[in-house]
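Asker: with the input below, show me the fold.
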Amino acid sequence: EVQLVESGGGLVQPGGSLRLSCAASGFTFSSYAMSWVRQAPGKGLEWVSAANSGDSNTGYVNSVKGRFTISRDNAKNTLYLQMNSLQHEDTAVYYCTKSADPWWNGGYEYWGQGTQVIVSS
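Answerer: Below you'll find the predicted structure:
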């Protein structure tokens with residue numbers, strides 16, 4: 001059974017940092033692309049970042065480029081999202097997702113339960 005368990009969310013002041021983690025199990029983590037997707041209050045889903053299976057290729061939505069860094073530890077079956085210089089607009093539930101392929105192609109095969117990030121002073 002595929003399981004994706006996010007952690008690391010919380011309340012942070014503008015300009016602060018958080019690191020999200022996603023512990024994966026039930027599949028060969030190193031063989032699949034992984035992504036972070038978020039949903040802000042009252043808004044739709046927004047893809048944030050993805051890392052292909054080898055981590056050599058990553059991508060970001062323009063609004064987080066230079067502030068967020070996606071990484072993966074294939075030995076620990078864990079995906080990370082380091083979020084710096086957080087802004088009010090980053091407030092959202094962040095979901096870890098698994099692709100059906102080694103490269104990210106816009107698809108989401110499995111989702112975690114999400115972790116809440118609130119950026120507020």
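Asker: low-scoring pLDDT stretches of the protein, where are they?
Answerer: Low-confidence regions of the chain, defined by pLDDT under 70, span residues 55.
Asker: where exactly do the strands run in it?
Answerer: 3-7, 10-12, 18-25, 34-39, 45-51, 58-60, 68-73, 78-83, 92-98, 110-111, 115-119 (DSSP state E).
Asker: give me the residue at the spatial middle of this protein.
Answerer: Centroid-nearest residue in the chain: Trp36, 2.7 Å away (criterion: Cα atoms, centre = their mean).
Asker: for that residue, name its beta-bridge partners.
Answerer: Counting by DSSP bridges, Trp36 is bridged to Ser49, Cys96.
Asker: show the contacting residues for it.
Answerer: With contact taken as Cβ atoms under 8 Å, 6 or more residues apart in numbering, Trp36 is in contact with 20, 22, 47-50, 70, 79, 81, 94-97. (Each C-beta comes from the backbone N, C-alpha and C, glycine too.)
Asker: report the separation between it and Thr58.
Answerer: 11 Å (Cβ to Cβ, to the nearest Å).
Asker: cool, and Ser35?
Answerer: As judged by Cβ to Cβ, Ser35 and Thr58 stand 10 Å apart.
Asker: common neighbours of these two, please.
Answerer: The overlap between the contact sets of Ser35 and Thr58 (Cβ under 8 Å, 6+ apart) consists of 49-51.
Asker: number of residues surrounding the closest residue to Leu4 other than its chain neighbours?
Answerer: Setting aside the residues directly before and after it, Leu4 is nearest to Gly112 in space (Cβ to Cβ, 6 or more residues apart in numbering), at 3.5 Å. Residues lying near Gly112 (other Cβ atoms under 10 Å) number 22.
Asker: just to revisit the earlier point, Gln87: which of the contacts of Trp36 is nearest?
Answerer: Using Cβ to Cβ, Val48 is the member of the contacts of Trp36 that lies nearest Gln87, at 13.2 Å.
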